[in-house]
Structure formats: C-alpha cells, structure tokens
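Student: Dropping a prediction and its sequence here:
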Amino acid sequence: MPRIPSYLVGLDLGTDQSRCVVGIEEKGRVRCLSYGAARASGWRKGVIVDQDPVLHSIQQAVAEAEANGALSIESAVVGVGGTVDSLASRGGISLAPRAPVERCHLNEAVKMAARARLGEDRMLLQMIPLDFAVDGQAGIRNPLDMTGRRLEAQARVLTGSTLAHMNLTTVVNRAGIVVEETIFEPFAAALAAIGEQERQMGVAVADLGAGSTDLVAYLEDQLRVAVSIPIGGTHFIRDVSIGLRTPEPEAERLIEQYGGVIAEATAKNSRVEIPPTGVERQLREAPRRLLNQILESRAEELFDHVVREFRRAGVDGHLIAGLVLTGGVAKMAGLADLAERRLGLSVRLGLPAPLYDLPEELDQPDWTTAIGLLLYAQRLRHHREAERESMTAWLRSIFS
C-alpha cells in the first residue's frame with residue numbers, strides 16, 4: 001500500500017486575508033506544493049468577533065490550496081497575534097551536592113520558570129528559555145555537567161487572551177483542520193526572513209498586519225521583545241476615510257493607488273479624485289499630499305510605539321542588523337525609509353526564505369508569515385520525531 005504523503009501546512013489568519021501554504025520535506029528542505037488565499041472579515045482589533053465569516057474565509061483558502069495541489073489538508077500550524085504580550089520569568093530547583101547538572105534538571109528548571117503568574121483571562125502561549133544560573137552565577141547558556149546547589153532558568157513567557165485563543169482554535173476546528181500548534185506570528189516571520197547571525201547581532205521583526213503590528217526583537221540570539229502594538233492597516237484606512245470624507249473601501253483604494261508615508265516627496269500640485277458620496281453628485285478632488293500627510297502621521301505614531309518597546313527592553317541602539325518589515329502594510333510606499341528616519345536603524349522588507357518551487361507571487365512580505373509557519377511545522381515534526389526516538393531508546397534500555 002503506497003505511503004500517504006505527510007504534508008506541512010501553515011495557516012496565517014489575518015484580519016484582512018486568510019493564507020494557507022502547503023509543503024513537503026525532501027532531503028531536509030521544504031518544497032512548496034500549493035497555496036490558497038481568501039479575503040477575511042469577522043475580526044476587530046486582531047480578535048475574532050464573528051466566527052462565521054472567519055470560517056468561510058478559512059474554508060475558501062484551504063479549498064483553494066487543496067484544489068491547486070490536488071491534495072487534502074487535515075492539520076496545520078496556525079499563527080496568532082493581536083492580543084499577545086510577554087514577561088520575564090525565573091524559576092529554579094535545588095541540586096544534589098556534587099551531582100552534575102543533567103538535561104532532566106534543565107527541563108525541571110525551565111518548567112519552574114514557566115510558572116509565571118498570569119493575569120485574568122490570560123494563558124501561556126509560548127515559553128522561550130533565555131539562560132541559566134548556577135549558584136547565582138548568571139548568563140550561562142549551557143550548564144550541563146556543571147555542579148552546584150541550585151539551578152535557575154530565566155525565560156520569556158508569552159501570554160495571550162484565553163478567550164481569543166479559544167475562538168481561534170474553535171473556528172479552525174470547525175473548518176475541519178486540526179491545530180497542531182499555535183505560534184506568535186512574528187516568530188514565524190522571523191524564521192522565514194532572518195538568520196542566526198542577525199539574531200546574534202541584534203535584529204527586530206515587525207509583522208504589519210491589518211489589525212495590529214506584532215513585534216519581536218533578538219539580541220545575542222536571545223528574545224528580548226515580543227509584543228503586539230494595536231496599530232495596523234485598518235487604522236491607516238480609517239484615518240484616510242475620516243480625513244478625506246470617503247467610505248473605507250474607497251480609502252483603501254486611494255492608499256493602494258496613490259498612498260505613501262513621506263508627504264514631502266509628493267508633488268504639491270498632484271491631486272486625487274474622490275467619488276461622490278451621500279448628497280454629493282460630482283467627483284471631488286483632494287491634494288495627494290494631504291492623503292500622504294494622513295498616512296505619514298499614523299506611520300510616525302506606529303514607529304514611536306516601536307521605539308518605546310525597544311527602550312523598555314533595553315535594546316535601543318543595540319540592534320545592529322536593524323529592523324525587518326513583513327506583512328501587507330510593509331509594502332506601503334516610503335514605509336521603510338520613514339522607519340529608518342524614525343528609529344535610526346537600517347530597515348528592509350522581509351521576504352520569505354527561498355523554498356523549492358516557491359511561486360513568484362509568494363515572494364512578497366505579506367506571505368512571509370505563512371511560509372514561516374510552514375517552516376515551523378517542519379521543526380515541530382523534527383522535534384516530535386526526536387522525542388519518539390528518545391522514548392524508544394529509553395524503553396529498549398529498560399526491557400533489553
């Protein structure tokens with residue numbers, strides 16, 4: 001009987017788009033097999049407020065991916081964002097005198113560090129170990145075989161809204177998809193867009209979605225920032241809608257066709273046409289520079305938030321590898337230049353890591369997170385296989 005292929009699937013659920021990418025591992029690398037996307041609704045401020053339209057969007061994206069690849073999708077790694085925050089946590093265990101630190105001791109210390117006090121309606125999403133301390137000597141990356149009386153682990157704990165997470169997993173399950181794991185979306189974007197050397201030097205990734213901007217920063221290969229900023233593409237659209245007195249769909253069209261975030265670069269005599277609304281009967285015109293002034297103001301506010309998060313974490317001025325922008329909003333004209341000016345960092349668009357047979361249309365920053373989720377699915381599978389092999393070896397040692 002032929003072996004059924006084991007697919008890797010990343011499912012990126014955004015306020016504006018649902019994206020699904022399917023791949024398979026071949027000789028240690030991932031080959032892209034198929035993808036699908038669909039417009040989304042039913043979200044507000046990065047949280048599901050109506051499951052039915054979200055469900056419909058997921059079903060459409062998954063059905064398109066299945067049809068394009070002539071395959072069937074049963075499970076996926078799913079991205080989360082919009083309600084995520086993080087906190088530093090420390091925990092430890094006592095050690096037997098003169099006994100060396102073993103891997104089981106590391107696991108126990110990490111588990112103690114994960115027992116952070118969470119706020120009401122908050123749940124543990126992910127826990128990232130940072131370093132260890134033995135008898136108060138901190139900053140140890142690998143304490144295996146060291147001796148001491150006490151082992152402590154320092155970790156960064158990511159939390160999310162319990163209700164928001166439950167709604168997310170429920171709607172994916174309703175679409176007939178098993179959630180293998182959920183992961184903070186900029187982690188996935190970072191997996192696809194940056195390398196280990198950049199994480200060592202100091203780098204940040206901002207995933208600019210429709211409902212929020214999700215931010216992570218690494219320094220010396222350690223996670224220092226993981227937070228959601230409640231500003232995204234819908235805020236730019238709403239600002240233009242109010243400022244130019246036009247419906248949001250028309251504001252979105254104006255941004256796509258004429259928008260940019262550096263107003264001074266716009267010709268003074270350039271104008272945009274605005275269709276009549278309500279009692280109006282004729283087209284109106286507005287200065288294109290006004291449109292871009294509105295966008296520039298919101299972009300400056302966004303990057304001011306980013307600066308505050310960097311300062312709060314103590315990484316401001318230390319991110320040598322700069323800032324990487326992913327997500328659909330990242331493509332807005334002038335955004336990287338404005339970020340460089342505002343942050344004093346080098347800034348680039350985060351294109352996804354090259355996969356075998358990656359379609360050209362996926363080589364865009366708005367697909368980076370989905371492809372990162374696909375790569376995380378590969379890592380997750382390797383981790384589970386290693387655990388199974390370890391358990392098998394342990395059982396053999398007992399019964400042999």
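Tutor: All right, it came through fine.
Student: which residues in the stretch 301-400 of the chain form helices?
Tutor: With DSSP state H, counting those that start in this stretch, the ranges of helices along the stretch 301-400 of the chain come out as 335-343, 368-399.
Student: so what's Leu144 scoring on pLDDT?
Tutor: Note for Leu144: predicted pLDDT of 89.
Student: Also Asp135?
Tutor: Confidence for Asp135, expressed as pLDDT, is 88.
Student: next one: Ser228
Tutor: For Ser228, pLDDT reads 92.
Student: how close does Ile294 sit to Arg253?
Tutor: In this structure, Ile294 and Arg253 are 15 Å apart, going by Cβ to Cβ, to the nearest Å. C-beta: built from backbone N, CA, C; applies to glycine.
Student: What of Phe303?
Tutor: Using Cβ to Cβ, Phe303 is found at 25 Å from Arg253.
Student: Kindly report which one of the helices of the stretch 301-400 of the chain carries the lowest mean pLDDT.
Tutor: The weakest mean pLDDT among these belongs to helix 368-399, with a mean of 74.
Student: between Ile294 and Arg253, who's got more neighbours?
Tutor: Applying other Cβ atoms under 10 Å to Ile294 and Arg253 shows that Ile294 carries more neighbours, namely 22 against 17.
Student: Give me the mean pLDDT for the one helix or strand the more buried one maps to.
Tutor: Here Ile294 sits within helix 288-313, counting by DSSP states H and E. Regarding helix 288-313, the rounded mean pLDDT is 96.
Student: Compute the inter-axis angle for that helix and helix 335-343.
Tutor: Put simply, helix 288-313 runs at 50 degrees to helix 335-343, going by axes from the mean of the first three to the mean of the last three Cα atoms, to 10 degrees.
Student: Give me the buried positions along helix 288-313.
Tutor: Applying a neighbour-count criterion of 16 or more other Cβ atoms under 10 Å, one finds 288-296, 298-299, 302-303, 305-306, 309-310, 313 buried in helix 288-313.
Student: Tell me the helices and strands packed up against it.
Tutor: strand 203-208, strand 213-219, strand 222-229, helix 233-243, helix 248-258, strand 271-274, helix 335-343 (3 or more Cβ pairs under 8 Å, 6 or more residues apart in numbering; DSSP states H and E).
Student: Adding distance to Ala188, write these out as JSON lines.
Tutor: As requested, the helices and strands packed on helix 288-313 are exported to JSON lines (distance: least, Cβ to Cβ, whole Å):
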{"stretch": "strand 203-208", "distance to Ala188": "8"}
{"stretch": "strand 213-219", "distance to Ala188": "10"}
{"stretch": "strand 222-229", "distance to Ala188": "12"}
{"stretch": "helix 233-243", "distance to Ala188": "18"}
{"stretch": "helix 248-258", "distance to Ala188": "25"}
{"stretch": "strand 271-274", "distance to Ala188": "36"}
{"stretch": "helix 335-343", "distance to Ala188": "21"}
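Student: nearest to Leu55, of these?
Tutor: helix 233-243 (20.4 Å; Cβ to Cβ).
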